[in-house]
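1. Sequence and predicted model, in that order:
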Amino acid sequence: MADKAVAELRLSEVKLGQLPKWLSTCSFTPGGLVRAFGRGRTRYYNKYINVVRGNVAPVGQFIATFVILNYMWRFKVEKQHRLKKHHW
């Protein structure tokens, strides 16, 4: 790992002291961000979707994402509901 340039390292391989130099090599232009999201989508697809023997991980991730986003969208209503005192 010592013979690699900082720009060639993956984020998981970058040490804390090398992080500013690694971030300075990244392209934060709109085109660079689109390419980065594309690489991330391709890695996710190859790891979880395009496999020989699949499992339920993508389904669970989709459900978990849906539940979290739904809770975030309804947080204000849920917060008001739980603070009400119900008298029966």
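-> Received it, and whenever you're ready, just let me know what you need. Numbers count the residues shown, from 1 in each chain.
2. Check the offset of the longest helix anywhere in the chain from the chain's centre.
-> Using DSSP state H to define each element, the chain has its longest helix at helix 57-73. Computed by Cα atoms, centre = their mean, to the nearest Å, the chain-centroid distance of helix 57-73 equals 13 Å.
3. what angle separates the helix or strand hosting residue 33 from helix 57-73?
-> In the assignment (DSSP states H and E), residue 33 maps to helix 30-44. If you take axes from the mean of the first three to the mean of the last three Cα atoms, to 10 degrees, helix 30-44 sits at 130 degrees to helix 57-73.
4. Now tell me what touches helix 30-44 from outside.
-> 26, 27 (Cβ atoms under 8 Å, 6 or more residues apart in numbering). C-beta here means a position set from N, CA and C on the backbone, and glycine is covered the same way.
5. roughly how far apart are residue 78 and residue 70?
-> Distance, residue 78 to residue 70, by Cβ to Cβ, to the nearest Å: 10 Å.
6. And residue 21, by the same measure?
-> For residue 21, the distance to residue 70 - Cβ to Cβ - is 40 Å.
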